[in-house]
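Engineer: Sharing a model prediction with you, sequence too.
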Amino acid sequence: MRLIGVATQYRQNEGLMNRRFWGLLEFYLEALASQGLAHVLLPPQAPEALERILPHLDGLLLPGGGDVDPARYGEEPHPRLGEVSPERDAHELFLARYAAEQGLPALGVCRGIQVMNVALGGTLYQDLEAQGFTEVQHSQKSPAPALGHRVRQVASSPLSRLFPETFRVNSYHHQGLKALGRGLKPLAVAPDGLVEAVALEGHPLFLGVQWHPELLQEHWGLFGLLKG
């Protein structure tokens with residue numbers, strides 16, 4: 001059974017000296033288990049510690065979450081920028097760069113695709129609506145498991161084995177990919193042209209998607225791509 005490392009999400013605890021809980025929403029664990037994958041959670045820790053752990057993994061999952069600090073790609077904060085976590089940013093950018101450089105299979109979900117892009121030198125739209133993307137509801141109001149807008153595949157990729165050329169996704173984000181990072185190619189786009197999926201050329205699997213497949217059982221096959 002292949003072992004997947006999963007970067008943790010967090011929530012703030014107002015008690016216990018205002019410390020954070022580092023964990024993961026169970027939807028991701030259910031999706032991984034459905035594909036026969038074992039998992040280990042990776043909370044933030046020293047790079048030296050991660051370098052001891054990562055060679056033992058068969059893949060990496062970067063889950064959804066809050067905004068990436070625009071300082072990571074050389075921009076000032078937009079008025080609509082949400083909460084950022086320097087600790088989480090540093091942790092996940094290290095993981096993404098390691099996966100890219102070492103050929104470790106990796107899947108990024110929502111925030112995860114944005115981390116992948118920034119890790120390779122790309123930039124983000126800090127707020128899609130404020131920056132001109134008003135034709136598509138990227139931050140949909142309907143709760144899971146409802147679907148939102150369509151995406152269209154624009155390149156052959158592992159997505160081609162799972163989905164038709166045009167298919168619907170859910171959409172719970174207010175940021176998105178702007179300039180693509182080094183070596184990333186677009187795989188799918190929304191009707192307004194926003195890039196919704198990318199892959200790193202020449203890599204076994206460095207794949208990011210802007211939607212939330214963990215909330216859609218019919219999309220759990222995406223997690224199965226980590227099996228190789």
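Structural biologist: That came in fine, so what should we check first? Predicted model only: the values in this text are computed from it and were never measured.

Engineer: Below-threshold pLDDT in the chain: ranges please.
Structural biologist: Segments of the chain classed as low confidence (criterion: pLDDT under 70) are 13-17.

Engineer: Where do the helices of it begin and end?
Structural biologist: Here the chain has its helices, by DSSP state H, at 26-34, 47-53, 86-102, 111-119, 221-224.

Engineer: Check which helices and strands the longest one sits against.
Structural biologist: Other elements packing on helix 86-102 under the criterion 3 or more C-beta pairs under 8 Å, 6 or more residues apart in numbering; DSSP states H and E are strand 3-7, helix 47-53, strand 59-62, strand 106-109, helix 111-119. Yep, even glycine has a C-beta here, placed from its N, CA and C like the rest.

Engineer: same check, this time on the last one
Structural biologist: On a contact count with 3+ C-beta pairs under 8 Å, 6+ apart, helix 221-224 meets helix 26-34.

Engineer: just the angle between the helix it packs on and strand 3-7, please?
Structural biologist: Taking axes from the mean of the first three to the mean of the last three C-alpha atoms, to 10 degrees, one finds helix 26-34 and strand 3-7 inclined to each other by 170 degrees.

Engineer: How far off centre is helix 26-34?
Structural biologist: For helix 26-34, the distance between its averaged C-alpha position and the chain's averaged C-alpha position is 15 Å (C-alpha atoms, centre = their mean, to the nearest Å).

Engineer: before we move on, back to that, quick one: which of the helices and strands packed on helix 86-102 is nearest residue 94?
Structural biologist: Residue 94 lies closest, by C-beta to C-beta, to one member of the helices and strands packed on helix 86-102: helix 47-53, at 5.7 Å.

Engineer: Alpha carbons only: can I get the closest one in CSV?
Structural biologist: As requested, the backbone C-alpha atoms of helix 47-53 are provided in CSV (Å, rounded to 0.1, in the frame of the first residue of the first chain):
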residue,chain,number,x,y,z
PRO,A,47,13.1,21.3,7.1
GLU,A,48,15.7,19.0,8.5
ALA,A,49,13.0,16.8,10.1
LEU,A,50,11.0,16.8,6.8
GLU,A,51,14.0,15.7,4.9
ARG,A,52,14.2,12.6,7.1
ILE,A,53,10.5,11.8,6.5
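
Engineer: That one: which residues count as buried?
Structural biologist: Within helix 47-53, the residues that qualify as buried by neighbour count (16 or more other C-beta atoms under 10 Å) are residue 50.
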